[in-house]
Structures are given as structure tokens and as C-alpha cells.
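Novice: build me a model:
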Amino acid sequence: QVQLVESGGGLVQAGGSLRLSCAASGRTFSSYVMGWFRQAPGKEREFVGGISRTGSTTSYADSVRGRFTISRDNAKNTVYLQMNSLKPEDTAVYYCAADLNPRLWAPSDFGSWGQGTQVTVSS
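Specialist: Numbers count the residues shown, from 1 in each chain. Have a look, this model is predicted:
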């Protein structure tokens, strides 16, 4: 399995931006489909965005489409989540996840997870 470490979270005002990074260990990063998920207090973990192995295909949750952008740099073993126009409802712990062949963009389809990074958006 791949080891994942997220960074870049923090406190930001509504309307602001943050860029999350997820660094992966190992030499097979380009073999993994990557996803970003989030979990707010008292809520289930939900899909935010996902990216194919080469980065040619991306997918987003309706709640973030047009505001968030996922990208990856396979030479640096890193996936990013650029978050713009942040809203208080974006407050959550953000996780990156990896899987060789996820069936769908559901948390149960991903086998490797980072420890998460807190994002707090103040109103």
C-alpha cells in the first residue's frame, strides 16, 4: 500500500483560498487513482474530488464543482486540492485516499488513507 501525508489545512475566512497537498510514498504513485474526501463533525465522510492515474480525468462533488480543483504531479508523488471561494460549510477534516482500481468514488472503494488535515472556514 501507499503511505499518504496531507498538509496545507488551516483557518481561512469565507471567500478565501487554501491549497492542500498530499505526498505519497513509494515508486508506484502513478498507478493509483487518487481522491480527496472530507468529514465534518457528526457527518459521514464524503467525496470531494478525484483524479485518474495520468491526471487526464477529474471528478467533483456537486457542492465543490467550480470552486475546487484537483491535480497531481506524478514526478513529485503529490496530489493537490486547490480550494477557492471557501464557505463555512466547507469546514471539515480533509483526507486524501488512494486505490489501484476503485469501483466508484466512495470511501469504501479506497484502501489507503492519510491522517487528514483540518480546514476551518470562518464566516
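Novice: ok, now which ones touch the residue lying closest to S52 once chain neighbours are set aside?
Specialist: With sequence-adjacent residues excluded and distances taken as Cβ to Cβ, 6 or more residues apart in numbering, S52 is closest to V33, at 6.1 Å. From N, CA and C alone the C-beta is placed, and that goes for glycine too. Contacts here follow Cβ atoms under 8 Å, 6 or more residues apart in numbering; on that basis V33 touches 50-53, 98-102.
Novice: which among these count as buried?
Specialist: Applying a neighbour-count criterion of 16 or more other Cβ atoms under 10 Å, the buried members of these are 50-51, 53, 98-99, 102.
Novice: bridging residues for the most centrally placed residue in the chain?
Specialist: The chain has W36 as the residue nearest its centroid, 2.2 Å off, counting by Cα atoms, centre = their mean. Using DSSP bridges, the bridge partners assigned to W36 are G49, C96.
Novice: I'd say it and S71 touch.
Specialist: No: contact between W36 and S71 fails when scored by Cβ atoms under 8 Å: they sit 10.9 Å apart.
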